[in-house]
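Student: Need a 3D model of the following:
(3 chains)
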Amino acid sequence: MKFKKSLLVGLLLSLSLVLFACSNDEGTSSNGSDGSDGNNGEKVELDFWVFGATNYESLAKKYEEENPNVTIKIRKSELGDHHNSLFTAISSGTGAPDLTMIEVDQLDRFREAQERFTNLYDLGAGDIQDEYLDWKWKVAENESGDFLFGLPTDIGPKAMYYHTGVFENAGLPTDPAEVKEQISSPEAFEEAAAKVKEATGKPMVDSMEMAFRANMDALEVSYFNREGELLIENPDNKVKDAYDFAVQLNEQGYVGSYEMWTPEWATALNKGEFAVEMAPAWLKGYMTENAPEAEGEWRVTTLPEQFAGNWGGSYISIPKETKHAEEVYKFSKWLVNPENQLKSFVESGLFPSTPATYEMEEFTQNSDEYFGGQNTAEVFAEAAQEVTAAYKGPNYVTVNNEVLTALQNVSEGANPEEEWEAAVTRIQDIMKR
Amino acid sequence: MELTRARAKDKAEPKKRKLSESKKDMLSGYLYVAPFFIIFGIIGLYPAIFSIYLAFQKWSGFGEMEYVGMQNFTLVLQDPLFWKSLYNTLIIGVMGTAPQLLVGIILAYFLNLAVIKFTNFFRVTIFMPYITSMVAVALVFGVFFSNNESALANYVIGWFGVDPINWKTSEWGAKIAISLMVFWRWVGYNTIIYLAGLQSIPKDLYEAAKIDGANGVQQFFHITIPLLKPFIVLTVFMSTVGALQLFAEPTVFLGGSAFNRDEAMTVVMYLYRDAFNLNSFGTASATAVLLLIIIVIIASINTWLTSGSKRRKKVRAKHAKG
Amino acid sequence: MPKANKKKFSMKSVPIYAVLILASLLSLFPFYWMFVMATRPSEAYNSIPPAMIPGTKLVENFQNVLDQIPFFQAMWNTFLLCTITTLLVLLISTLAGFAFAKFHFPGKNVLFVSILLTMVIPPQLGLIPQYYLVSELGWLDTLFGAGIVYLLNPLGIFLMRQYVSQSVPDELIEAAKLDGCSNFRIYRSIVLPIIKPAFATLGIIVFTLVWGEFLWQFTVLRSPESYTLQVALASLNESYNMDFGMVLSGVFWATVPLIIIFLMFNKLFISSITEGSVK
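Tutor: Purely as a prediction, here's the structure:
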C-alpha cells in the first residue's frame, strides 16, 4: 500500500521532470546537427552572439536571403553579460556559439584560450587585411603575428565634443576648424581650460576619469607588456604622467565631478555644465536620446594628437567548437566588409574600421542635425587614422580601476602621491594571483 | 471524513504489511527526502566538490590547472582587501539584517491581528519590494543616494543639519545606503515567513491565555515569541547566510564602479572579482571555502543564540495537554 | 488574536495603521516610480528633481518593447518555468519537511545539516561547473536546464519541517496510523491541508525568485524562442544608448503578472487562515 503510494510519488516526480524537459526541447545549438564542414548547399544554422546596439539582425536577414542554406540565430545581450557568458562557454569547452562579437578591452581576457578559437589566417583572412585600418587589425593578432582572433567590426576613435555656448562665453572660437587649430596640444588644452574656468566657473572636463583617459587612451604601452609584466614602476612608463596630468587639471579646478552615465552627468551634458567631452562617435547616439535640450549646442573636432586614442570597438571571432568554420567565416567576412560597415554606421552608429567606407558618398555627405548640421563622421574618420595599436593585457580593466579609485579619492581631497602609491600596492597584490 | 474513507479502503485490501511500523517510517523517511538529494546529486554536488578542489589549484578558467597547495589561502588571507571585504560584509550584515528581523516580526504580528482591516492590502504592499525588479530598485536608490550634493538623501539629512555625504564613495555613506537597500528589500520577505509562523500557532492557546487573564502584550511575549522561535531561528539562519553572501544589492547600487572600490566590497564580490575580472579561479574558490567556514561558524553562533532556551518544548507539552 | 469575530475599528489600532501605512508607502514607492518612468520619454530619467507624475508614453514605450523582444512568448516561458519549478519545490519540500519532522531514521540529522551546507556555496562560483553539467547533459537552451537549479531549495525544507513539526500534532499522526493510514495518505490527507499557509508562503517566495532570477537563466537559455522575461528584458539594455522609458516599461509590465499571482497565493493564504486547523 504505502510502497505503491510512494512509488506513485516517485513516478509523478519523474514524469513531471520528463514533461518539463520536453516542453522546450527544440532549438539547441546547431553544433553537431550535421557533421559536414560547411558544404555549400547544405543547410546550416549559425549561432551568433552580439551585444549592444548593432544592425546585425537586419544584415543577417539579408544574408539569409542571399544564402538560403544558411540560418543565423542571433542572441543579443548587454556587454558585461555577453562576455561573461562567452567566458563560461569557452572555459567549460561546451556550448559556445559559432561566431561571436568580442569587445576590444575583453579580447585580452580570451587570448590565453587561443587554442579554443579558430585562426582566421587559416581561413584566408590575410587576403582582406588591406581593407582594414592597420592598428585595428594588429590588435587582434597574437604576439608573433601568425594567429588572428577576429575580424574588425567597429572602432572608437576619440574626438573632442565641445559646448559652443561655454566656449563662446570663455572667448574661445566655436568653429570646429578654428577650435582644432587653437587647441592643438595639451598645453593649449590647459590654456583653454583656464579661460573656461575664469569666464564661466565651469570645469573643462566632466570627470577625473576623462582627464586621465585623455592621455591613457593614446598610450601604445600602458600597464603591461606582452609578457604580462607590470610596467608602471618603470621610469619610462607613461601611466604616471597621465595620472599626474589629471591631478594637475584637478588642482587648477578644471575637472568636474560628473561621473559618466549618471543622471547628473546626463543633465550636465544637457545644460552644458562642462565644456568638453573626449569621446568616440558612439556618444552621439546617447546625447541625441538623453540630452535633447542641447541640440545644436555641441560640436565635434579633432583632439590634439597627444590625446588621439581609441575607446571601444569590437571583433568577430569564431570559437573552435563550430562545425561550420567555412560558412561562418564567409558570413563574418561579408558582415564587416566596407559596404556593410557603411550600413552599420548609418543604421546603428557603429564607426567603420574600413578606410574605404570613409570615401563613400553617404559617409561624406553625412550631416548631424544634433550638431548643427556638422559632418561629424569626417572628424572621427580623421581621428581614426591617428590611432596606434595599443596592447592592454588581460587585467587591464581591473588594474586601471585601481588607478581610477585613486583619482576619485584625489578629487575628494586625498593626497595624490599617497593615493598613487596605494594604488600601485593594490595592483601588485592583484598581480600575485 | 477523509480518514474514515481511507480506513475503509485499507481494510478492503489484503494486508501486505510485513514490516514493522518503525521500519516503514524509516523507509518513508529516506524515500521522502530522496528527491532533494537526487537533484542535489545531479546538479549541486559536482559544483561543490569542484569549488573545493579548485581552491588548491591555480586556474585561469582556460587551460591546465596547477596544484599550488595552500598558496591560494595564504594569498587571500594576506590580502588586506579580503579582510576589508569581510569587515564590510559583517557591518552591512548587522546594519541591514538585524533591524529587518525585528521589524519583520512586528509587522507580521500587526498583520495577524484580528482587529486590523485591509490586511490583505498591506500584505501585498509590504511584500512588494521583494517583487520589484532590481533594475527599478537600482535606479530609484541610485537617484535617491546619488553621489552628489543635491541628492535627495542629502536633502533629507540636511533637515537634521547633517552635511552632504558621498553615498557611493565614502566609507559609511556606501554602507548605510546599501544596508537600507538590503533592509528595504528583505523586510517583507521575512514578514511573510513570520506570518506563516504565526499561523502555525494553534489558536486555542490564545483562547486559554485569555481565560487566564493575559493581555495582548503578555500574549505576545509568552505565546507568540516562544512559539515563533523556530521561525525566528530559521530566518536568523537564512538572513545570516544571505547577509554573508551579499552580492546583488551592492553591485546593482554601485553599478559600473562596483568592483573598483573597497567601501562596499563584500566577500562574494571579492571572489567574483577574482574569478571573472582577474581570471583567478583558485583564489576565488579559496575565498569561497573561507566564506563557507565563516558562514558555518557565524550561522551556528546565531542559531545557538536564538534557539538557546528549551521553552518551546514546554509550551508544546502544555498545548498537548490542553 | 486571529478570531473569526467581525472586525471592528478601534482607536487603539490607529498607531498600528500608521505603521502599516508608512511601511506600505515606502514599499510601494520604487514600484510606483517604475510606473512613472514607464510612461515617460527616456530623458525623464535624467531630470533632477526626478519626475513623480505619470506621463503620456505608456502605450508608446510598451510598443517599443514589443517591437524589440518577443515579450509575450517570454512571459509564457517564464510562467511555465515558474509554475513547474514552484510545484516541484513544494512537492519536494513538503515531503522532505514531513519526513524530517515526523519520522525517525538513521542519519537524519546528518542529512539535515548537509542540506544546510548546500546553501553556503556562493552561486556565482558554482556557475561554471553547473553550466558545464547542464551543457554536457544536453539541457542547454531548455526550460528544464533553466529550472533545475531552483529545485534545490533548502529554505523550503526548513520551512516545511518547522511548520509540520509545530502545527501537525503527533497524536493526530498516531491516531491516523492506528486507523491504518499509510504514511503517504497521512501526508496527503492530514499534513497537506494543515500546512496550506506555509504552502502559500513558500510558493510565492519560490515563484518570485524564479521570476526575477537572471544570471542562470541567461547562461542557459540561448535562443529567443526559449527566452524568459528577465533574459529578454536584459537584451533591451544597451551599454550606450539606453532608452530608459522602454526598459522600465518592459520591467514594469513584467512585474504586473507577478502581482496578480501573488494575489492568488494570498487568497490561498487567507482561506487557510479562516478555515483554521483541520482537527
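
Student: What ranges does the stretch 301-433 of chain A have for its strands?
Tutor: With strands called from DSSP state E, counting those that start in this stretch, the stretch 301-433 of chain A shows them at A:310-317, A:351-352.

Student: Chain A contacts on the stretch 151-300 of chain B?
Tutor: Residues of the stretch 151-300 of chain B lying close to chain A by Cβ under 8 Å from any Cβ of the partner chain are B:166, B:169-170, B:255-257, B:259-262, B:273-274, B:276-280, B:282-283. C-betas here are computed from N, CA, C, even on glycine.

Student: wait, the stretch 51-200 of chain C
Tutor: Proximity of the stretch 51-200 of chain C to chain A, by Cβ under 8 Å from any Cβ, involves residues C:77, C:80, C:84, C:87-88, C:91-92, C:95, C:127-129, C:131-132, C:135-136, C:138-144, C:147, C:182-185.

Student: Only the buried members of these: can you turn that into a PyMOL selection?
Tutor: To isolate the buried members of those in PyMOL, using 16 or more other Cβ atoms under 10 Å in any protein chain shown:
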select buried, chain C and resi 77+80+84+88+91+92+95+127+128+129+131+132+135+139+140+141+142+143+144+147+182+183+184+185
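
Student: Chain B next: which of the residues of the stretch 51-200 of chain C next to chain A are close?
Tutor: C:91-92, C:95, C:128-129, C:182-185.

Student: Please list the members of those that lie in helices.
Tutor: Those of those mapping onto helices are C:91-92, C:95, C:128-129, C:183-185, per DSSP state H.

Student: and which of the residues you listed is nearest to residue A:362?
Tutor: Residue A:362 lies nearest to residue C:128 out of those, by Cβ to Cβ, at 44.8 Å.

Student: in terms of contact, does that closest one touch residue A:93 like I think?
Tutor: No: with contacts counted by Cβ atoms under 8 Å, residue C:128 stays clear of residue A:93, the gap being 10.7 Å.

Student: Any figure for the gap between residue A:81 and residue C:143?
Tutor: Residue A:81 sits 19 Å away from residue C:143, going by Cβ to Cβ, to the nearest Å.

Student: now the closest residue to chain C within the stretch 301-433 of chain A: how far from chain B?
Tutor: Closest residue of the stretch 301-433 of chain A to chain C, Cβ to the nearest Cβ: residue A:349 (8.0 Å). Separation of residue A:349 from chain B (Cβ to the nearest Cβ, to the nearest Å): 21 Å.

Student: how many other residues sit next to the nearest residue to that residue once chain neighbours are set aside?
Tutor: With Cβ to Cβ, 6 or more residues apart in numbering or on different chains as the criterion, residue A:349 has its nearest non-adjacent residue at 4.8 Å, and that residue is residue A:285. By other Cβ atoms under 10 Å in any protein chain shown, the residues close to residue A:285 number 16.

Student: if we look at the host helix or strand of residue A:285, which residues are touching it?
Tutor: Assigned by DSSP states H and E, residue A:285 belongs to helix A:283-290. For helix A:283-290, contacts defined as Cβ atoms under 8 Å, 6 or more residues apart in numbering or on different chains pick out A:53, A:161, A:266, A:269-270, A:277, A:294-295, A:298, A:349, A:368, A:370-371, A:376, C:42-43, C:45-46, C:240-243.

Student: Out of these, name the ones that lie in strands.
Tutor: Of the contacts of helix A:283-290, the ones assigned to strands by DSSP state E are A:161, A:277, A:298.

Student: TSV please, covering the residues you listed and showing pLDDT, distance to residue A:248 and neighbour count.
Tutor: Shown next, in TSV, are the ones in strands among the contacts of helix A:283-290 (pLDDT from 0 to 100; distance: Cβ to Cβ, whole Å; neighbours: other Cβ atoms under 10 Å in any protein chain shown):
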residue	pLDDT	distance to residue A:248	neighbour count
A:161	96	22	22
A:277	96	19	24
A:298	96	26	26
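
Student: For chain B, state which of those residues is nearest.
Tutor: The nearest member of the ones in strands among the contacts of helix A:283-290 to chain B, counting by Cβ to the nearest Cβ, is residue A:277 at 17.0 Å.

Student: ok, and residue B:165, which helix or strand is that part of?
Tutor: For residue B:165, there is no enclosing helix or strand under DSSP H and E.

Student: Give me the neighbour count for it.
Tutor: By other Cβ under 10 Å, the residues close to residue B:165 number 20.

Student: do the one 10 residues further on as well
Tutor: The criterion is other Cβ under 10 Å. On that basis, residue B:175 has 20 neighbouring residues.

Student: In contact with it, which residues are there?
Tutor: For residue B:175, the contact set (Cβ under 8 Å, 6+ apart) comprises B:88, B:91-92, B:95, B:263-264.

Student: what separates it from chain C, distance-wise?
Tutor: According to Cβ to the nearest Cβ, residue B:175 and chain C sit 20 Å apart.

Student: Look at that residue and tell me its secondary structure.
Tutor: Three-state call for residue B:175 (DSSP: H, G, I helix; E, B strand; the rest coil): helix.

Student: how much space between it and residue B:299?
Tutor: The spacing between residue B:175 and residue B:299, counted by Cβ to Cβ, is 22 Å.

Student: ok, now residue B:286?
Tutor: Distance of residue B:286 to residue B:299, given as Cβ to Cβ: 20 Å.

Student: which one of these two has more residues nearby?
Tutor: Each of residue B:286 and residue B:299 has its neighbours counted (other Cβ under 10 Å); residue B:286 has more, 29 against 21.

Student: That one: what's its closest spatial neighbour, skipping adjacent residues?
Tutor: Of all residues not flanking residue B:286 in the chain, residue B:72 sits nearest, at 3.6 Å (Cβ to Cβ, 6+ apart).

Student: Next, count neighbours for residue B:98.
Tutor: Neighbours of residue B:98 using other Cβ under 10 Å come to 15.

Student: swap in residue B:61?
Tutor: 21.

Student: for it, phi and psi?
Tutor: Main-chain torsions, residue B:61, degrees, to the nearest 10: phi 100, psi -20.

Student: how about it, what does it touch?
Tutor: A:87, A:91, B:275, B:279, B:281, C:128.

Student: I'd guessed the fourth one sits against residue A:394; true?
Tutor: To tie it back to what came earlier, the one meant is residue B:279. Yes: in terms of Cβ under 8 Å, residue B:279 counts as a neighbour of residue A:394; the distance is 6.4 Å.

Student: element containing residue A:81?
Tutor: Assigned by DSSP H and E, residue A:81 falls within helix A:79-92.
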